[in-house]
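Trainee: just coords:
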Ligand code: PAF
(Lines give C-alpha, C1' and ligand atoms only; values in the text may rest on other atoms or scores of the structure.)
Protein backbone atom coordinates (compact mmCIF):
# COMPACT_ATOMS: atom_id res chain seq x y z
CA UNK A 1 0.00 0.00 0.00
CA UNK A 2 1.41 3.37 -0.99
CA UNK A 3 1.26 6.37 1.35
CA UNK A 4 0.89 9.98 0.24
CA UNK A 5 0.89 13.20 2.23
CA UNK A 6 1.05 15.96 -0.37
CA UNK A 7 -2.16 16.55 -2.37
CA UNK A 8 -0.15 16.97 -5.60
CA UNK A 9 1.45 13.53 -5.14
CA UNK A 10 -1.88 11.90 -4.31
CA UNK A 11 -3.37 13.54 -7.37
CA UNK A 12 -0.52 12.36 -9.62
CA UNK A 13 -0.88 8.75 -8.39
CA UNK A 14 -4.65 8.83 -9.02
CA UNK A 15 -4.13 10.33 -12.47
CA UNK A 16 -1.70 7.54 -13.41
CA UNK A 17 -4.17 4.92 -12.12
CA UNK A 18 -6.97 6.44 -14.21
CA UNK A 19 -4.71 6.68 -17.26
CA UNK A 20 -4.12 2.91 -16.99
CA UNK A 21 -7.89 2.56 -17.37
CA UNK A 22 -8.41 1.53 -13.74
CA UNK A 23 -11.47 2.55 -11.76
CA UNK A 24 -10.78 4.30 -8.43
CA UNK A 25 -12.93 3.74 -5.34
CA UNK A 26 -12.44 6.26 -2.55
CA UNK A 27 -13.11 5.89 1.18
CA UNK A 28 -12.71 9.17 3.11
CA UNK A 29 -12.21 8.69 6.86
CA UNK A 30 -10.99 10.50 9.96
CA UNK A 31 -9.05 7.42 11.07
CA UNK A 32 -9.43 5.44 14.33
CA UNK A 33 -10.64 2.78 11.94
CA UNK A 34 -13.04 0.02 12.91
CA UNK A 35 -14.95 -2.74 11.14
CA UNK A 36 -17.41 -0.12 9.78
CA UNK A 37 -14.62 1.63 7.85
CA UNK A 38 -13.18 -1.70 6.72
CA UNK A 39 -16.60 -2.65 5.31
CA UNK A 40 -16.37 0.49 3.13
CA UNK A 41 -12.93 -0.60 1.92
CA UNK A 42 -14.35 -4.04 1.07
CA UNK A 43 -17.28 -2.45 -0.82
CA UNK A 44 -14.85 -0.29 -2.77
CA UNK A 45 -12.60 -3.24 -3.59
CA UNK A 46 -15.59 -5.24 -4.81
CA UNK A 47 -16.70 -2.43 -7.15
CA UNK A 48 -13.43 -0.79 -8.24
CA UNK A 49 -9.90 -1.70 -9.40
CA UNK A 50 -7.98 0.49 -6.95
CA UNK A 51 -9.06 1.67 -3.50
CA UNK A 52 -7.75 4.92 -2.04
CA UNK A 53 -8.47 5.75 1.62
CA UNK A 54 -7.93 9.14 3.23
CA UNK A 55 -7.26 9.68 6.92
CA UNK A 56 -7.72 13.29 7.89
CA UNK A 57 -9.19 14.63 11.14
CA UNK A 58 -10.87 17.63 9.58
CA UNK A 59 -10.72 20.63 11.96
CA UNK A 60 -13.38 22.49 9.97
CA UNK A 61 -16.16 20.08 10.97
CA UNK A 62 -15.56 20.34 14.74
CA UNK A 63 -17.22 23.03 16.85
CA UNK A 64 -15.18 25.00 19.43
CA UNK A 65 -16.51 22.82 22.30
CA UNK A 66 -16.12 19.53 20.47
CA UNK A 67 -13.51 16.78 20.63
CA UNK A 68 -11.02 17.84 17.90
CA UNK A 69 -8.02 17.65 20.27
CA UNK A 70 -8.98 14.35 21.88
CA UNK A 71 -10.28 12.67 18.70
CA UNK A 72 -8.41 9.32 18.54
CA UNK A 73 -5.41 9.37 16.18
CA UNK A 74 -3.98 5.92 15.43
CA UNK A 75 -2.23 6.35 12.11
CA UNK A 76 0.17 3.38 12.22
CA UNK A 77 -2.50 0.98 13.46
CA UNK A 78 -4.93 2.34 10.84
CA UNK A 79 -2.39 1.84 8.05
CA UNK A 80 -1.78 -1.78 9.12
CA UNK A 81 -5.53 -2.42 9.06
CA UNK A 82 -5.85 -0.84 5.62
CA UNK A 83 -2.90 -2.80 4.28
CA UNK A 84 -4.44 -6.04 5.59
CA UNK A 85 -7.79 -5.07 4.04
CA UNK A 86 -6.08 -4.63 0.66
CA UNK A 87 -6.33 -0.85 0.19
CA UNK A 88 -3.96 0.31 -2.56
CA UNK A 89 -3.12 3.80 -1.31
CA UNK A 90 -3.65 5.93 1.77
CA UNK A 91 -3.76 9.73 1.78
CA UNK A 92 -2.49 11.30 5.03
CA UNK A 93 -2.53 15.06 4.53
CA UNK A 94 -1.93 17.63 7.25
CA UNK A 95 -4.28 20.49 7.95
CA UNK A 96 -1.89 22.86 6.16
CA UNK A 97 -1.91 20.56 3.11
CA UNK A 98 -5.69 20.78 2.90
CA UNK A 99 -6.40 24.33 4.04
CA UNK A 100 -3.18 26.29 3.55
CA UNK A 101 -3.07 29.59 5.41
CA UNK A 102 -5.74 31.70 3.76
CA UNK A 103 -8.73 29.50 3.12
CA UNK A 104 -11.57 31.57 1.68
CA UNK A 105 -13.93 28.99 0.24
CA UNK A 106 -16.73 26.98 1.88
CA UNK A 107 -19.23 24.56 0.41
CA UNK A 108 -22.73 24.90 1.88
CA UNK A 109 -25.66 22.55 1.25
CA UNK A 110 -28.61 24.42 2.70
CA UNK A 111 -31.89 22.72 3.52
CA UNK A 112 -30.92 19.16 4.32
CA UNK A 113 -28.28 20.31 6.84
CA UNK A 114 -30.56 22.65 8.78
CA UNK A 115 -32.11 20.23 11.32
CA UNK A 116 -31.01 17.15 13.23
CA UNK A 117 -27.20 17.27 13.66
CA UNK A 118 -27.12 20.63 11.82
CA UNK A 119 -29.31 22.26 14.48
CA UNK A 120 -26.86 21.63 17.31
CA UNK A 121 -23.54 21.53 15.48
CA UNK A 122 -23.19 24.93 13.80
CA UNK A 123 -20.83 24.77 10.83
CA UNK A 124 -20.41 21.00 11.04
CA UNK A 125 -21.86 20.07 7.66
CA UNK A 126 -20.20 23.04 5.99
CA UNK A 127 -16.91 21.59 7.26
CA UNK A 128 -17.81 18.13 5.97
CA UNK A 129 -18.90 19.22 2.49
CA UNK A 130 -15.93 21.54 2.11
CA UNK A 131 -13.40 18.83 2.93
CA UNK A 132 -15.22 16.12 0.98
CA UNK A 133 -15.27 18.26 -2.16
CA UNK A 134 -11.55 18.99 -1.72
CA UNK A 135 -10.78 15.29 -1.26
CA UNK A 136 -12.93 14.32 -4.26
CA UNK A 137 -11.09 16.90 -6.36
CA UNK A 138 -7.72 15.51 -5.32
CA UNK A 139 -8.55 11.82 -5.78
CA UNK A 140 -11.13 12.19 -8.59
CA UNK A 141 -12.57 8.74 -7.95
CA UNK A 142 -15.29 7.16 -10.05
CA UNK A 143 -16.99 5.95 -6.83
CA UNK A 144 -16.89 7.02 -3.17
CA UNK A 145 -18.13 5.06 -0.16
CA UNK A 146 -19.69 6.46 3.02
CA UNK A 147 -21.24 4.78 6.06
CA UNK A 148 -24.98 5.03 6.61
CA UNK A 149 -24.36 5.65 10.31
CA UNK A 150 -23.75 9.31 9.43
CA UNK A 151 -27.06 9.29 7.61
CA UNK A 152 -27.55 13.06 7.33
CA UNK A 153 -23.94 13.39 6.15
CA UNK A 154 -24.52 10.75 3.44
CA UNK A 155 -27.70 12.47 2.18
CA UNK A 156 -25.93 15.86 2.27
CA UNK A 157 -22.99 14.57 0.23
CA UNK A 158 -25.36 12.97 -2.29
CA UNK A 159 -27.12 16.34 -2.59
CA UNK A 160 -23.81 18.20 -3.12
CA UNK A 161 -22.72 15.70 -5.78
CA UNK A 162 -26.08 16.06 -7.53
CA UNK A 163 -26.24 19.85 -7.31
CA UNK A 164 -22.64 20.39 -8.45
CA UNK A 165 -22.70 17.74 -11.22
CA UNK A 166 -19.71 15.99 -9.66
CA UNK A 167 -18.61 12.98 -11.74
CA UNK A 168 -18.61 10.45 -8.89
CA UNK A 169 -21.06 7.76 -7.76
CA UNK A 170 -21.81 7.88 -4.03
CA UNK A 171 -22.52 4.57 -2.31
CA UNK A 172 -23.89 4.31 1.22
CA UNK A 173 -22.91 1.18 3.15
CA UNK A 174 -24.91 -0.35 6.03
CA UNK A 175 -24.11 0.34 9.68
CA UNK A 176 -21.97 -2.32 11.34
CA UNK A 177 -23.10 -3.17 14.89
CA UNK A 178 -21.69 -4.99 17.88
CA UNK A 179 -23.59 -8.22 18.63
CA UNK A 180 -25.56 -6.33 21.33
CA UNK A 181 -26.72 -3.67 18.83
CA UNK A 182 -24.30 -0.80 19.53
CA UNK A 183 -23.42 0.91 16.23
CA UNK A 184 -19.65 0.95 15.67
CA UNK A 185 -18.13 4.42 16.04
CA UNK A 186 -14.65 5.76 16.62
CA UNK A 187 -16.17 7.63 19.59
CA UNK A 188 -17.25 4.38 21.33
CA UNK A 189 -13.72 4.24 22.77
CA UNK A 190 -14.61 7.20 25.00
CA UNK A 191 -17.30 5.12 26.78
CA UNK A 192 -16.70 3.52 30.18
CA UNK A 193 -18.20 0.05 30.71
CA UNK A 194 -21.29 1.52 32.37
CA UNK A 195 -21.61 4.26 29.69
CA UNK A 196 -21.47 1.57 27.05
CA UNK A 197 -24.26 -0.32 28.77
CA UNK A 198 -26.42 2.83 28.89
CA UNK A 199 -25.59 3.61 25.24
CA UNK A 200 -27.40 0.41 24.22
CA UNK A 201 -30.68 2.24 24.88
CA UNK A 202 -30.09 4.13 21.62
CA UNK A 203 -30.25 1.08 19.34
CA UNK A 204 -32.97 -0.45 21.56
CA UNK A 205 -35.22 2.57 21.00
CA UNK A 206 -34.65 2.36 17.22
CA UNK A 207 -35.31 -1.39 17.10
CA UNK A 208 -38.51 -0.75 19.05
CA UNK A 209 -39.64 1.76 16.39
CA UNK A 210 -38.92 -0.80 13.67
CA UNK A 211 -40.94 -3.35 15.61
CA UNK A 212 -43.90 -0.97 15.84
CA UNK A 213 -43.80 -0.29 12.09
CA UNK A 214 -43.58 -4.00 11.40
CA UNK A 215 -46.69 -4.45 13.58
CA UNK A 216 -48.54 -1.92 11.40
CA UNK A 217 -48.15 1.39 13.27
CA UNK A 218 -47.68 4.32 10.87
CA UNK A 219 -48.26 7.35 13.11
CA UNK A 220 -44.97 9.09 13.89
CA UNK A 221 -46.08 10.61 17.24
CA UNK A 222 -47.32 7.24 18.46
CA UNK A 223 -44.10 5.49 17.47
CA UNK A 224 -41.94 8.14 19.14
CA UNK A 225 -44.24 8.10 22.18
CA UNK A 226 -43.03 4.56 22.83
CA UNK A 227 -39.42 4.90 21.61
CA UNK A 228 -38.43 8.10 23.45
CA UNK A 229 -39.02 6.67 26.98
CA UNK A 230 -36.63 3.80 26.15
CA UNK A 231 -33.87 6.40 25.74
CA UNK A 232 -34.90 8.69 28.59
CA UNK A 233 -33.33 7.79 31.89
CA UNK A 234 -30.50 5.87 30.21
CA UNK A 235 -28.67 8.54 28.21
CA UNK A 236 -27.67 11.87 29.78
CA UNK A 237 -29.39 14.02 27.19
CA UNK A 238 -31.22 13.50 23.94
CA UNK A 239 -30.27 15.79 21.07
CA UNK A 240 -33.02 14.36 18.90
CA UNK A 241 -35.00 11.24 18.21
CA UNK A 242 -36.95 11.84 15.03
CA UNK A 243 -38.58 10.08 12.13
CA UNK A 244 -37.96 11.64 8.73
CA UNK A 245 -38.43 10.91 5.04
CA UNK A 246 -35.55 8.58 4.14
CA UNK A 247 -34.45 10.54 1.07
CA UNK A 248 -35.17 14.22 1.74
CA UNK A 249 -35.02 14.07 5.57
CA UNK A 250 -38.21 16.19 5.62
CA UNK A 251 -40.40 15.88 8.73
CA UNK A 252 -43.36 13.52 8.30
CA UNK A 253 -46.47 12.64 10.36
CA UNK A 254 -47.32 9.28 8.87
CA UNK A 255 -45.02 6.67 7.39
CA UNK A 256 -46.32 6.08 3.87
CA UNK A 257 -43.00 5.89 1.98
CA UNK A 258 -39.51 4.77 3.14
CA UNK A 259 -38.59 6.62 6.33
CA UNK A 260 -35.73 6.61 8.79
CA UNK A 261 -35.58 7.02 12.55
CA UNK A 262 -32.52 8.99 13.64
CA UNK A 263 -31.10 9.51 17.12
CA UNK A 264 -28.37 11.63 18.66
CA UNK A 265 -27.74 11.47 22.39
CA UNK A 266 -25.05 12.17 24.93
CA UNK A 267 -23.78 9.41 27.20
CA UNK A 268 -21.57 11.23 29.70
CA UNK A 269 -19.64 13.60 27.39
CA UNK A 270 -19.82 11.38 24.33
CA UNK A 271 -22.26 12.28 21.59
CA UNK A 272 -23.47 9.19 19.76
CA UNK A 273 -25.64 8.94 16.66
CA UNK A 274 -27.54 6.04 15.14
CA UNK A 275 -30.41 5.39 12.74
CA UNK A 276 -32.51 2.62 11.26
CA UNK A 277 -34.78 2.38 8.20
CA UNK A 278 -38.54 2.29 8.72
CA UNK A 279 -40.19 0.76 5.70
CA UNK A 280 -44.00 0.74 5.54
O1 LIG B 1 -17.49 10.53 8.22
C2 LIG B 1 -16.34 10.97 8.40
O3 LIG B 1 -15.45 10.27 8.89
C4 LIG B 1 -16.04 12.40 8.02
O5 LIG B 1 -17.11 13.23 8.26
C6 LIG B 1 -15.55 12.55 6.57
C7 LIG B 1 -16.61 12.14 5.56
C8 LIG B 1 -14.30 11.71 6.36
C9 LIG B 1 -15.18 14.01 6.28
O10 LIG B 1 -14.20 14.48 7.16
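Mentor: Structure's in. What do you need? Note that this is a predicted model, so its numbers are computed, not measured.
Trainee: Name the nearest residue to the one residue in the stretch 151-280 of the chain that gets nearest to the ligand, sequence neighbours excluded.
Mentor: The stretch 151-280 of the chain approaches the ligand most closely through residue 153 (5.7 Å), counting by C-beta to the nearest ligand atom. C-betas here are computed from N, CA, C, even on glycine. Distances taken as C-beta to C-beta, 6 or more residues apart in numbering place residue 128 nearest to residue 153, at 5.7 Å, with adjacent residues excluded.
Trainee: Would you double-check that that neighbour falls in a strand?
Mentor: No - with DSSP: H, G, I helix; E, B strand; the rest coil as the criterion, residue 128 is helix rather than part of a strand.
Trainee: Contacts only, for it.
Mentor: 58, 61, 153, 156, 157 (C-beta atoms under 8 Å, 6 or more residues apart in numbering).
Trainee: For the residue of the stretch 151-280 of the chain closest to the ligand, grab the count of nearby residues.
Mentor: Counted with other C-beta atoms under 10 Å, residues neighbouring residue 153 total 22.
Trainee: so which strand or helix has it?
Mentor: In the assignment (DSSP states H and E), residue 153 maps to helix 151-163.
Trainee: Any buried residues in that helix, and which?
Mentor: For helix 151-163, the neighbour count (16 or more other C-beta atoms under 10 Å) marks 151, 152, 153, 154, 155, 156, 157, 158, 159, 160, 161 as buried.
Trainee: The first one against residue 260, yeah?
Mentor: Pointing back at residue 151 there. Yes - contact criterion C-beta atoms under 8 Å: residue 151 and residue 260 qualify, at 6.2 Å.
Trainee: Need the overlap of contacts for the two.
Mentor: Each of residue 275 lies in contact with both residue 151 and residue 260 under the rule C-beta under 8 Å, 6+ apart.
Trainee: So for residue 43, what's the pLDDT?
Mentor: Residue 43 is assigned a pLDDT of 98 by the prediction.
Trainee: Name the residues of this structure found near the ligand, please.
Mentor: Contact residues, the chain versus the ligand (C-beta under 6 Å from any ligand atom): 28, 29, 30, 58, 61, 128, 131, 132, 150, 153.
Trainee: what's the neighbour count on the third one?
Mentor: To tie it back to what came earlier, the one meant is residue 30. A total of 19 residues lie near residue 30 under the criterion other C-beta under 10 Å.
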